[in-house]
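Participant: Show me the folded form of this:
(one chain, ligands or ions: 1)
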Amino acid sequence: MKMETLLLHNGNELDLQTGASSIPIYQASTFHQFDLDNPGLFDYTRSGNPTRQALEDTIAKLEGGCRGFAFASGMAAISTVLLLLSKGDHLIVSQDVYGGTYRILTQVLSRFGIDSTFVDTTDTKAITEALRPNTKGIYVETPSNPTLKVTDLRQVAKIASENQLLSIVDNTFLTPYYQQPLSFGFDIVVHSATKFLGGHSDVIAGLVAVKDEELANKVKMLQNSFGAVLGVQDSWLILRGIKTLQARLDVSTKNAGILARWLQDHTEVAKVYYTGLSDHDGHHIQTKQSSGHGAVFSFDVGSEAKAKQLLQKIRLPIVAVSLGSVESILSYPAMMSHAAMPIEVRLKHGITDGLLRFSVGLENVEDLIDDLTQALDFKISFSVAR
Ligand SMILES: *Cc1c(COP(=O)(O)O)cnc(C)c1O
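Facilitator: Here you go, the predicted model:
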């Protein structure tokens, strides 16, 4: 079946007991055992729950994995997966990885003797140069945030298999609708389902899909041990969000392309970062490994003063962290997602004081262009914000 159909018909769309058109929310912490000698499928919700199970089976199907897992947040998913590493292990990580991932590696797991080296994973030579005798894994995020650097997933999977490394990829920005890293040989896919999979800025959730039974058993043990599982109401909301993923991403991605090209020609915009633009460094690889460019791009208006002025004047997008929702979200990395980064490192990565990140929602694109037009008119002073 094609992805569009699989989003709706993946074996988890019906309640087999009643025929109900959505999986019920099994709001229960424990399960009566009718016969101790023949235990039921479920015993305690930390270990398993039918609603969460439906979501876990869904992400496994969509990513082409063997089993899936749902967690209380993207960071709970990522942190639990990283517990596959042990004291003395070394991990190679994309240098512009999500801030929370950077934090757990450098401030928490480092205390338990797990070492990380952050490299530009768009450069395969930099990856092989970072290999050490104790390197056990490689963790990549592509396209990266906020300048959308593209890592070649096939190349990384090859390096990982040649060196017996566990390969992990954060697929939040593209979702399985556009990119399926397990099909390139990756071992584990992680998601912040808070973003496109949930899609409505109303749930915090994380998902994992793994390639084989052996890994599935290990992650299952860690999920049950650490206990950062997703609640049943939120599991249901993510199941519901996934049903409209195609429709949402099709519209948002189309509009992101239109807006990125429009901004590229705007006199107040110094640079636009979007993998869908043919002059983007990662355009070629992105086109080879993904079926779409996604709904997120960044653009540089040249200065902090102009960025702040634009954020004051913009009316339609909410000004916030996060991304991947039905409404457009405009963020200011220098003071939001990347505020903790030392300024010289931030500037080196192209995250200037004029850089804004746009996650395109489902608004009419002409309305978004009109809004950006007035917000980019830096000559006119403004009085009313929204
Ligand atoms: C938001 C995000 C995360 C963290 O997910 P939470 O649900 O906020 O814990 C991880 N990776 C990426 C790429 C993200 O955008």
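
Participant: Which residue is it, in the chain, that comes closest to the ligand?
Facilitator: Here the residue of the chain nearest the ligand is Gly74; by Cβ to the nearest ligand atom that distance is 2.2 Å. C-beta: built from backbone N, CA, C; applies to glycine.

Participant: That residue contacts Val190, doesn't it?
Facilitator: Yes - the pair Gly74 / Val190 is scored as a contact, 7.3 Å apart, by Cβ atoms under 8 Å.

Participant: which of these two has more neighbours?
Facilitator: For Gly74 versus Val190, neighbours defined as other Cβ atoms under 10 Å are more numerous around Val190 (30 against 24).

Participant: need the contact list for the residue of the chain closest to the ligand.
Facilitator: If a contact means Cβ atoms under 8 Å, 6 or more residues apart in numbering, then Gly74 has 98, 100, 172, 190-195, 204-206 as its contacts.

Participant: need the strands for this structure, in chain order.
Facilitator: In the chain, strands defined by DSSP state E lie at 67-71, 90-94, 115-119, 135-141, 166-170, 188-192, 206-210, 271-273, 296-300, 318-319, 329-331, 355-359, listed in chain order.

Participant: okay, those in TSV with mean pLDDT and distance to the ligand next?
Facilitator: Converted to TSV, the strands of the chain look like this (pLDDT from 0 to 100; distance: least, Cβ to the nearest ligand atom, whole Å):
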stretch	mean pLDDT	distance to the ligand
strand 67-71	99	9
strand 90-94	98	10
strand 115-119	97	15
strand 135-141	98	6
strand 166-170	98	5
strand 188-192	98	3
strand 206-210	99	5
strand 271-273	98	15
strand 296-300	98	9
strand 318-319	98	16
strand 329-331	98	11
strand 355-359	98	10
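
Participant: if we can go back for a sec, what is in contact with Gly74 and Val190 at once?
Facilitator: Applying Cβ under 8 Å, 6+ apart, one finds that Gly74 and Val190 are jointly contacted by 172, 206.

Participant: rewinding a little: what sits against the closest residue to the residue of the chain closest to the ligand other than its chain neighbours?
Facilitator: Counting by Cβ to Cβ, 6 or more residues apart in numbering, Gly74 lies nearest to Ser192, which is 2.7 Å off, once chain neighbours are set aside. Contact partners of Ser192, counting by Cβ under 8 Å, 6+ apart, are 73-75, 77, 98, 170, 172, 205-206.

Participant: Give me the residues contacting the lowest-mean-pLDDT helix or strand in the chain.
Facilitator: Least confident element among the helices and strands of the chain, by mean pLDDT, DSSP states H and E: helix 343-348 (a mean of 89). Identification of contacts with helix 343-348 by Cβ under 8 Å, 6+ apart yields 334, 338, 352.

Participant: And for stretch 156-170?
Facilitator: 78, 81, 84-85, 92, 97-98, 101, 121, 124, 127-128, 131, 135-142, 153, 181, 184-192.

Participant: returning to what we had before: filter the contacts of Gly74 to the buried ones?
Facilitator: Neighbour-count burial (16 or more other Cβ atoms under 10 Å) applied to these gives 98, 172, 190-195, 204-206.

Participant: Excluding chain neighbours, what is closest to Tyr44?
Facilitator: Tyr44's closest residue in space is Thr30 (Cβ to Cβ, 6+ apart), at 5.4 Å.

Participant: Pull the contacting residues for the one you found.
Facilitator: Thr30 touches 43-45, counting by Cβ under 8 Å, 6+ apart.

Participant: Now render these as a markdown table, adding pLDDT, neighbour count and distance to Gln374.
Facilitator: Formatted as a markdown table, those follow (pLDDT from 0 to 100; neighbours: other Cβ atoms under 10 Å; distance: Cβ to Cβ, whole Å):
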| residue | pLDDT | neighbour count | distance to Gln374 |
| --- | --- | --- | --- |
| Asp43 | 96 | 13 | 58 |
| Tyr44 | 98 | 12 | 55 |
| Thr45 | 98 | 19 | 50 |
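
Participant: now these in a markdown table, with distance to the ligand?
Facilitator: Shown next, in a markdown table, are the contacts of Thr30 (distance: Cβ to the nearest ligand atom, whole Å):
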| residue | distance to the ligand |
| --- | --- |
| Asp43 | 28 |
| Tyr44 | 24 |
| Thr45 | 20 |
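
Participant: can you list those in CSV and add distance to Gly64?
Facilitator: As requested, the contacts of Thr30 are exported to CSV (distance: Cβ to Cβ, whole Å):
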residue, distance to Gly64
Asp43, 29
Tyr44, 30
Thr45, 27
